[in-house]
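Undergrad: coordinates only, sequence not included:
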């Protein structure tokens with residue numbers, strides 16, 4: 001049984017959650033970040049499964065359930081952090097593409113040729129694929145805008161339609177959108193640097209229960225046996241895990257609200 005569970009855990013950890021390489025290829029041979037695609041597909045599932053299996057193999061079913069819950073919370077936090085990093089990466093890629101586009105338009109090149117240069121200079125395949133139709137057809141990307149780069153593409157699509165119907169210059173609008181995205185990136189980096197200290201303090205406080213268990217084991221009290229083999233210990237274990245998850249979730253929420261302002 002244990003060998004089967006270990007095999008299942010290994011299979012889940014190595015399960016291919018991305019599409020074949022032929023379908024992942026971006027424009028002009030670029031390929032999107034496979035790691036970001038994998039994180040979007042799996043989300044918080046695999047940390048919860050692996051933590052639950054580890055708890056089941058090493059202790060009681062109650063510990064396995066609590067470990068799976070903590071793994072899901074950790075996976076969700078990692079997923080959010082990876083999504084924020086992906087959004088910042090797309091924003092930086094769009095800033096580079098818009099800088100090239102504005103330079104080409106100011107040099108007098110037509111929009112089609114300037115669009116090709118902007119798409120070629122964009123380091124992110126997904127952003128490049130969305131930027132082409134926006135500049136050539138004036139069509140915003142499908143779906144509701146999810147981040148700053150998507151909202152910037154919506155503004156660009158409106159500017160392209162206005163320029164094609166009235167003949168007004170597009171270079172000024174492109175420069176304004178580029179400057180706005182660059183300013184937002186700088187402000188976000190400053191906010192993240194400002195909350196780095198509180199985030200580190202929250203991480204240290206979250207690890208104090210583990211340190212308490214280690215210190216109790218070091219003095220011979222064996223708190224883990226009490227928590228996993230006695231009824232009062234099980235109640236305290238559940239209450240402690242619930243308070244730990246509530247505290248970390250509240251701290252993460254405060255940090256997110258500070259960064260998003």
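TA: The structure has been received and is ready for your questions. Given the structure is predicted, the values throughout are model-derived calculations rather than measurements.

Undergrad: how long is stretch 104-123 end to end?
TA: Taking Cα to Cα, to the nearest Å, stretch 104-123 runs 17 Å from one end to the other.

Undergrad: who touches stretch 212-219?
TA: With contacts defined as Cβ atoms under 8 Å, 6 or more residues apart in numbering, stretch 212-219 is touched by 222-224. The C-beta positions use only the backbone N, C-alpha and C, and glycine is treated the same way.

Undergrad: can you pull the buried residues of it?
TA: Using 16 or more other Cβ atoms under 10 Å as the test for burial, stretch 212-219 gives no buried residues.

Undergrad: Tell me which helix or strand the residue lying closest to residue 92 once chain neighbours are set aside sits in.
TA: Leaving aside its chain neighbours, residue 92 sits nearest to residue 185 (6.5 Å; criterion: Cβ to Cβ, 6 or more residues apart in numbering). Using DSSP states H and E, residue 185 sits in helix 171-194.

Undergrad: which other helices and strands contact that helix?
TA: helix 61-106, helix 148-166, helix 231-260 (3 or more Cβ pairs under 8 Å, 6 or more residues apart in numbering; DSSP states H and E).

Undergrad: What's the mean pLDDT across stretch 173-184?
TA: For stretch 173-184, mean pLDDT is 88.

Undergrad: Can you list the neighbours in contact with it?
TA: Counting by Cβ under 8 Å, 6+ apart, residues outside stretch 173-184 touching it are 91, 94-95, 98-99, 101-102, 105, 148-149, 152, 155-156, 159, 163.

Undergrad: Mind telling me which residue is nearest the centre of the chain?
TA: residue 83 (1.5 Å; Cα atoms, centre = their mean).

Undergrad: do you know how far that residue is from residue 189?
TA: Noted for residue 83: a distance of 17 Å to residue 189, by Cβ to Cβ, to the nearest Å.

Undergrad: Next: residue 64.
TA: 40 Å.

Undergrad: okay, the two: which has more neighbours?
TA: Set residue 64 next to residue 189 and count neighbours by other Cβ atoms under 10 Å: residue 64 wins out with 18 against 11.

Undergrad: dump the residue contacts of that one.
TA: Taking Cβ under 8 Å, 6+ apart as the test, what residue 64 contacts is 52-56.

Undergrad: Can you check the residues you listed and name whichever has the most neighbours?
TA: residue 52 leads the contacts of residue 64 on contacts (other Cβ under 10 Å) with 23 neighbours.

Undergrad: right, and that residue touches residue 63 too?
TA: No. Checked against Cβ atoms under 8 Å, the pair residue 52 and residue 63 is beyond contact range at 9.4 Å.

Undergrad: Redo the helices and strands packed on helix 171-194 as CSV? Include mean pLDDT and distance to residue 195.
TA: Shown next, in CSV, are the helices and strands packed on helix 171-194 (pLDDT from 0 to 100; distance: least, Cβ to Cβ, whole Å):
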stretch, mean pLDDT, distance to residue 195
helix 61-106, 88, 13
helix 148-166, 85, 19
helix 231-260, 87, 5
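
Undergrad: Can you tell me how far the residue of the chain most remote from its centre is from residue 58?
TA: Most distant residue from the mean C-alpha position of the chain: residue 220, 42.3 Å away (Cα atoms, centre = their mean). Going from residue 220 to residue 58 by Cβ to Cβ gives 21 Å.
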